[in-house]
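> Coordinates only, no sequence provided:
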C-alpha cells in the first residue's frame, strides 16, 4: 500500500456509521416521549440484547429508569428531519410525537410507545444499568419486534432495504447507497464456481 | 398516517445499519489477527467507551482475553470484500492481514495492530467483560484514535465522508448514499432565518 500519513489524536467516540434510532419511552402511567440515540449496539444474540447510552440529564433518562422499558425504532431516510428534531429538542418542552406528526403505537410486550412510521421496532426491557460517566448504558433484552407487513416478502423474509434506512456518521445523516454484497460473498463466489464445476457436465460448460 | 399493518415477531437482533468494523487483536507476544464485528456501539463519551460483542468460540476472543486490548478500524466501501472475508474466515487457519493484503500498523497506546488501509482506527483497552450468553460484551476505553492525515481539512476538522464509509444492514453491505442533513438542521434553519431577520436591515431583505 501507499505510505499513508496517520495523525494520532486523543481517544474519542468516532464510530461510524451508526443507526440514529428513535427511542420511545414512558407509556402506561408516564407521558409518552421520543428521543434520538445514535449510541446503540447489539450486545448478544441468545438472548437478544441491545445497549443504548443515555445522559442522565435527559428527560427520557428518568422515564426509562421509572419504567425499565423502551422501544428502538429504525427510521427511514424520509424521517431524517424528525430524527434530528427528536435529538435536539426535549420532551420536557413539547410532545415530540405531535410536533413531528408521528404516531405512537402500543407495544406487544412493553408499555413504551412504538413509532408507527418506522418500519421496524424493537420492544426492550432493561436488564442491567451501567453508570459509566457522562452516559449511563442501558443493557436491555429485545422481547419482541414489530415490522411493517409490506417489508416482509412472500417467503417470510424481512426486506429491510425496501425504503432505505437512515444512517448517521460524524454529525451528518445519510441514506444508504449502493449494495456492495451480501454476507459471505467474498467466499461464496469461489464456492459456487467450484460447485458449478462439480455439478456441470463438461459438455454444458462454457 | 395510513394504517400500516404490523407483524409481531419474537425478539431478535434487528438493529440496522451498523458499522461492520475490522477489529485488530493480538500483537506483542501474540499473533496478529483481524475479525469483523458489526455488533459494536459507543457506550459513553467521558470517558470515551465502546462495546464489541464477541462469541467465545471465536479465535479472536482468546486473543482479546489474553491482552485486554483491541483496535476498531472503520472500513471504506472499497474494503467490503476484505471486511466480509474477515468475518467468515478464522485466524486459526490463515493470516488474514496477508490474505486480504492489509497492512498491520503499530498502535500508539496498545499492542494490538491497526489496519493502515482504514482511514480511522480506535485503540481500545478492555475495562469490563460481561458474559451475556452466546456473546461476551467487551466494554473498552478508547485510548487514542489514528486518522489519515488527508481526512483532516485545513481547519483541523475530520472529514469522515471523504471516501465513503461502509455500512451493514440485515446481511448486506452498503456504501453511504446522499447526505440528508447535519446534526441540528431541523431547528437551525428557523434559527438562522430569525437571526437573518435580526441582523439584516429591512432594505436588504427580500
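Sure, I can see it. Remember, it's a predicted structure, so these values are computed and weren't measured experimentally. Residues are numbered from 1 along each chain as shown, chains lettered A, B, ... in the order given.

> next one: phi and psi at residue A:34?
Main-chain torsions, residue A:34, degrees, to the nearest 10: phi -150, psi 130.

> what's the answer for the one 10 residues further on, then?
The phi and psi torsions at residue A:44 (degrees, to the nearest 10) take the values phi -170, psi 150.

> Residue B:134 is in contact with that one, correct?
Yes. Residue A:44 is in contact with residue B:134 according to C-beta atoms under 8 Å; the separation is 5.9 Å. From N, CA and C alone the C-beta is placed, and that goes for glycine too.

> neighbour count winner among the two?
Under the criterion of other C-beta atoms under 10 Å in any protein chain shown, the comparison of residue A:44 against residue B:134 puts residue A:44 first, with 24 against 14.

> Chain B versus that one, what's the distance?
Residue A:44 sits at a distance of 4 Å from chain B (criterion: C-beta to the nearest C-beta, to the nearest Å).

> For that residue, give me its contacts.
Applying C-beta atoms under 8 Å, 6 or more residues apart in numbering or on different chains, we find residue A:44 in contact with B:53, B:132-135, B:137.

> Okay, it and residue B:76: tell me how far apart.
Plainly put, residue A:44 is 28 Å away from residue B:76 if you go by C-beta to C-beta, to the nearest Å.

> now swap in residue A:42 and tell me
Residue A:42 is 23 Å from residue B:76, by C-beta to C-beta.

> neighbour-wise, which of those two wins?
residue A:42 (25 against 19).

> So what's the residue count around the nearest residue to the more buried one once chain neighbours are set aside?
Sequence neighbours aside, residue B:39 is the residue nearest to residue A:42 in space, at 4.1 Å (criterion: C-beta to C-beta, 6 or more residues apart in numbering or on different chains). Each residue near residue B:39 was counted by other C-beta under 10 Å, and the total is 25.

> so residue B:39 touches residue B:53, yeah?
Yes. Between residue B:39 and residue B:53 a contact is recorded at 3.9 Å, counting by C-beta under 8 Å.

> Can you say which helix or strand has whichever residue of chain A sits closest to chain B in it?
Chain B sits closest to residue A:41 of chain A, with a gap of 2.2 Å, by C-beta to the nearest C-beta. Using DSSP states H and E, residue A:41 falls within strand A:40-44.

> quick one: strands adjacent to that strand?
strand A:49-54 (antiparallel) (DSSP bridges).

> Report the mean confidence score over the strand it pairs with.
Average pLDDT, strand A:49-54: 98.

> re the thing from before, counting neighbours, which of the contacts of residue A:44 comes out on top?
residue B:137 (27 neighbours).

> Excluding residues flanking it in the chain, which one is nearest that residue?
In space, residue B:137 is closest to residue B:130, 4.3 Å off (C-beta to C-beta, 6+ apart).

> hang on, the one you found packs against residue B:53?
No. Using C-beta under 8 Å, residue B:130 is not in contact with residue B:53; the gap is 9.3 Å.

> Common neighbours of these two, please.
Shared contacts of residue B:130 and residue B:53 (C-beta under 8 Å, 6+ apart): A:43, B:136-137.

> now, among these, which is nearest to residue A:20?
For the shared contacts of residue B:130 and residue B:53, the minimum distance to residue A:20 (C-beta to C-beta) is 18.7 Å, reached by residue A:43.

> Quick one: residues contacting that closest one.
A:49-51, A:139, B:39, B:51, B:53, B:130, B:132, B:135, B:137.

> swap in residue A:46?
Contacts of residue A:46 by C-beta under 8 Å, 6+ apart are B:133-134.

> follow-up on the earlier one: let me know whether the residue of chain A closest to chain B touches residue B:15 as I believe.
Yes. Residue A:41 is in contact with residue B:15 according to C-beta under 8 Å; the separation is 7.3 Å.

> can you give me the strands for chain A?
A:6-10, A:21-27, A:30-37, A:40-44, A:49-54, A:69-74, A:104-105, A:114-115, A:120-131, A:136-148, A:166-169, A:172-182 (DSSP state E).

> As a markdown table, those strands with distance to residue A:62 would be great.
Listed next are the strands of chain A as a markdown table, based on distance: least, C-beta to C-beta, whole Å:
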| stretch | distance to residue A:62 |
| --- | --- |
| strand A:6-10 | 32 |
| strand A:21-27 | 9 |
| strand A:30-37 | 9 |
| strand A:40-44 | 19 |
| strand A:49-54 | 10 |
| strand A:69-74 | 12 |
| strand A:104-105 | 19 |
| strand A:114-115 | 20 |
| strand A:120-131 | 13 |
| strand A:136-148 | 11 |
| strand A:166-169 | 25 |
| strand A:172-182 | 27 |
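
> With respect to residue B:151, which of these lies nearest?
The nearest among the strands of chain A, by C-beta to C-beta, is strand A:6-10 at 8.7 Å.

> Show me which residues of that closest one are buried.
Using 16 or more other C-beta atoms under 10 Å in any protein chain shown as the test for burial, strand A:6-10 gives A:6, A:9.

> Which strands and helices lie in contact with it?
strand B:136-148 (3 or more C-beta pairs under 8 Å, 6 or more residues apart in numbering or on different chains; DSSP states H and E).

> Now do the strand it packs on: which elements does it pack against?
So strand B:136-148, by 3+ C-beta pairs under 8 Å, 6+ apart, packs with strand A:6-10, strand B:49-54, strand B:69-74, strand B:120-131.

> and that strand with strand B:40-44, angle?
If you take axes from the mean of the first three to the mean of the last three C-alpha atoms, to 10 degrees, strand B:136-148 sits at 90 degrees to strand B:40-44.

> Parallel or antiparallel, which strands does strand B:136-148 pair with?
strand A:6-10 (antiparallel), strand B:49-54 (antiparallel), strand B:120-131 (antiparallel).
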